[in-house]
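**Q** Got a predicted model here, sequence first, then my questions.
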Amino acid sequence: MPVLANARQEKFVQGLIQGMSQRKAYRAAFKQSKRWKDNTVDVKASQLAHDSKISIRYKELLEEAQDKAIMTRKERMVKLSDIADDEEHPNDQMKAIDLLNKMDNLYIQKNEVTGDMKIVNPYKGLTTEQLIKLADSGGADD
């Protein structure tokens, strides 16, 4: 959704995104409300916040802000590389290198199973009728 056509509504949403309370965001966007009682501003701000255009825009901007706050893979790798270059802290260097190796999937763990594997089928000798009866009973003792 693009910027709201009503500049005061957009300013209200921007205030909410910046962490203002509904009351403060409303007063910042609607200058005439500075003379109003807190109760009146709270009601108006709540009504505006529940308007579908406002809530859609708020969610959109909140998502954008969250996306910007999350480090990309490249940013994480650069940060870890900086730590790995810090020779004054060898323990941190080793941890950073270890994490970088894990991010690059350099640690491949192989599990090898040897020997014969015998699969035991407890239903092997049962007839079709017995299997149906067993399935109908749910396996519980009657």
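**A** Received the coordinates, thanks. Keep in mind that what you see is a predicted model, and the values were worked out from it rather than measured. Numbering: from 1, shown residues only.
**Q** going forward, measure contacts and count neighbours with C-alpha atoms only.
**A** Will do.
**Q** and the helix or strand hosting Val78, average pLDDT?
**A** Using DSSP states H and E, the element containing Val78 is helix 73-84. Within the predicted structure, the mean pLDDT of helix 73-84 is 89.
**Q** what does that helix rub up against?
**A** Applying Cα atoms under 8 Å, 6 or more residues apart in numbering, the contact partners of helix 73-84 are 92-97, 99-100.
**Q** What are the buried residues along it?
**A** Neighbour-count burial for helix 73-84 flags 77, 80-81, 83-84 (criterion: 16 or more other Cα atoms under 10 Å).
**Q** can you check stretch 46-64 too?
**A** Of the residues in stretch 46-64, 48-49, 54, 57-58, 61-62 count as buried by neighbour count, 16+ other Cα under 10 Å.
**Q** what's the offset of the biggest helix by length in the chain from the middle of its chain?
**A** Secondary structure of the chain per DSSP state H: the longest helix is helix 52-69. Centroid separation for helix 52-69 versus its chain: 14 Å, with Cα atoms, centre = their mean, to the nearest Å.
**Q** I appreciate the help and will end here.
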